[in-house]
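Trainee: fold the following and give me the result.
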Amino acid sequence: MCRQNYLLKIAQKIFLALLVLSIIHTPILAEPVSAQDETLPVYIVQSGDTLFDIANQFYTTVDEILAVNGLSNGDTLLVGDRLLIPGLEGMQGTLTTEIIPLGANLRSLSRRTQSDPASLAKLNKFTSQSELFVGRRIALTTLEATQDLQMLPALTPGQSWLELALLSGQNPWALARLNQLSSPNLALPLDPYFYHSGQEATEVLAIPGVRSMSIDNLPLMQGETYVLKAETAENVSISAELAGNSAVFFPYENGELVAFGGINALQAHGAYPLKITVTTAENITYNFDQWVIIKPGYFQSSIDLMVDPETIDSPEIAEEDARVREIVTKVTPIKQWNGAFKYPIAGSDCVNADFGSRRTYNGSDKVYYHTGIDLGYCEGTDVFAPATGTVAAILPNQLVRGNLLIIDHGLGVYSIYMHLSEILVEVGEVVQPGQRIAILGNTGRSTGPHLHFEIDINGTPVNPWTWFNREFP
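Mentor: Alright, predicted model coming up:
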């Protein structure tokens, strides 16, 4: 009898356990959600906003915004108003817009905002990764719980997720869920991962030794200069490449690294990967790409010039080009200039030909572009140094460039002076802004007395007007 009671109790326990398991694993069917119950994200009206601008930013219409918010055309839009944005059903939080920084990608943005990558792509109508380019203003949904999300130190090759979590004082499984990983084993080195820091978040790069990196002079355009800055935490070396042109980083102020790059005026406009290479003190190399957009430069149309045929067809031209390129591609590590470049002649409105203008010679079909600006004789023949620099080369009697002067300003930046009649400085001499350095002339491939003034960065001619009008870096 006792044995029967014992077996009965065991059977009851097994039955109860199975019942509990069946309850746990049985899906609970929710009632269908009506359209009225669907959530929509909210946009908070900012100073200067119009309904038309808001509708364009979020790919909807003014009428749809008015309808979903119970508004009419006569209602006043006030700063701080909260507007539901139609067409984004299922997305929650506050809609914001921001400029895509260097180092951001779809994974980092979705993890930082705790949004689904597909929803983020839908919100911004992304169809390819090339649309996620530096400098583009995009829309994001943010929740209050994400405002303190800070990027973790980089997961380095050979390091485990458990080690990274413990070093950061985080629960490895909770950290994995926060970063949209189904398992900690799926974490990848150098991928961007976030944690709750309890402080206001600041965007950083998931690269060891590099705290942040930025790009200046956006939007990038044909023939323009760009500047890369990096804040580093340790001894690292960085290089960059964009559209086939390299930029080398050098120590700058406040422990930053800085690099200058130039975009060829003939470079086809469109999306290009900016390739960044970082090498640590342990000689470990990391690479990442970031899409940027190069926009058209809108240069002057072609003109035809009549010149000495020898200056077009001679094999000496290639030798001259190689000689000059060897000089202007040497990068010295000290920045010598300070502030904007000064105008190299007296008077500022004596421009015979502008930078980037297309031209042909002697009726040929071959199109060239102008690598500098031609400044004529208007208020004197003197040529002045635009900034502090060291005379890098004096090359007399060049077939195309005539009497040629090249000044090195440091960090890959050179100024070039062509067609001179006389040069008044010597190689190795340090010149100061406004110093008289040459006399303009009519030597080489020239159609009349003038100064061809050019600025090259790592061997790429860039628009001199930019250097006259702003300070770099």
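
Trainee: run a quick neighbour tally on residue 47.
Mentor: Residues near residue 47, counting by other CB atoms under 10 Å, number 6. C-beta: built from backbone N, CA, C; applies to glycine.

Trainee: quick one: secondary structure of the nearest residue to it once chain neighbours are set aside?
Mentor: Nearest non-adjacent residue to residue 47, counting by CB to CB, 6 or more residues apart in numbering: residue 79, 5.3 Å away. Under the three-state scheme (DSSP: H, G, I helix; E, B strand; the rest coil), residue 79 adopts coil.

Trainee: spit out the contact partners of residue 79.
Mentor: Contacts for residue 79 (CB atoms under 8 Å, 6 or more residues apart in numbering) come out as 45, 46, 47, 49.

Trainee: could I get the residues you listed as JSON lines with secondary structure and distance to residue 349?
Mentor: JSON lines is the format used below for these (DSSP: H, G, I helix; E, B strand; the rest coil; distance: CB to CB, whole Å):
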{"residue": "45", "secondary structure": "coil", "distance to residue 349": "45"}
{"residue": "46", "secondary structure": "coil", "distance to residue 349": "41"}
{"residue": "47", "secondary structure": "coil", "distance to residue 349": "39"}
{"residue": "49", "secondary structure": "coil", "distance to residue 349": "41"}
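
Trainee: between all of these, which two are separated the most?
Mentor: 45 and 47 (8.4 Å; CB to CB).

Trainee: show me where the stretch 251-400 of the chain has its helices.
Mentor: Assigned by DSSP state H, counting those that start in this stretch, the stretch 251-400 of the chain shows helices spanning 310-313, 316-328.

Trainee: can I get those in a markdown table with mean pLDDT and mean neighbour count?
Mentor: Formatted as a markdown table, the helices of the stretch 251-400 of the chain follow (pLDDT from 0 to 100; neighbours: other CB atoms under 10 Å):
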| stretch | mean pLDDT | mean neighbour count |
| --- | --- | --- |
| helix 310-313 | 80 | 15 |
| helix 316-328 | 95 | 14 |
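
Trainee: nearest to residue 176, of those helices?
Mentor: helix 316-328 (50.9 Å).

Trainee: nearest spatial neighbour of residue 239, skipping sequence neighbours?
Mentor: residue 277 (4.9 Å).

Trainee: hang on, isn't the one you found packed against residue 289?
Mentor: No. Using CB atoms under 8 Å, residue 277 makes no contact with residue 289, being 10.3 Å away.

Trainee: what is the neighbour count of the residue nearest to residue 407 when sequence neighbours are not counted?
Mentor: Once flanking residues are discounted, residue 407 sits nearest to residue 389: 4.1 Å by CB to CB, 6+ apart. Burial of residue 389 is recorded as 25 neighbouring residues (other CB under 10 Å).

Trainee: and residue 118, by the same measure?
Mentor: With other CB under 10 Å as criterion, residue 118 counts 11.

Trainee: which helix or strand contains residue 235?
Mentor: Using DSSP states H and E, residue 235 is not contained in any helix or strand.
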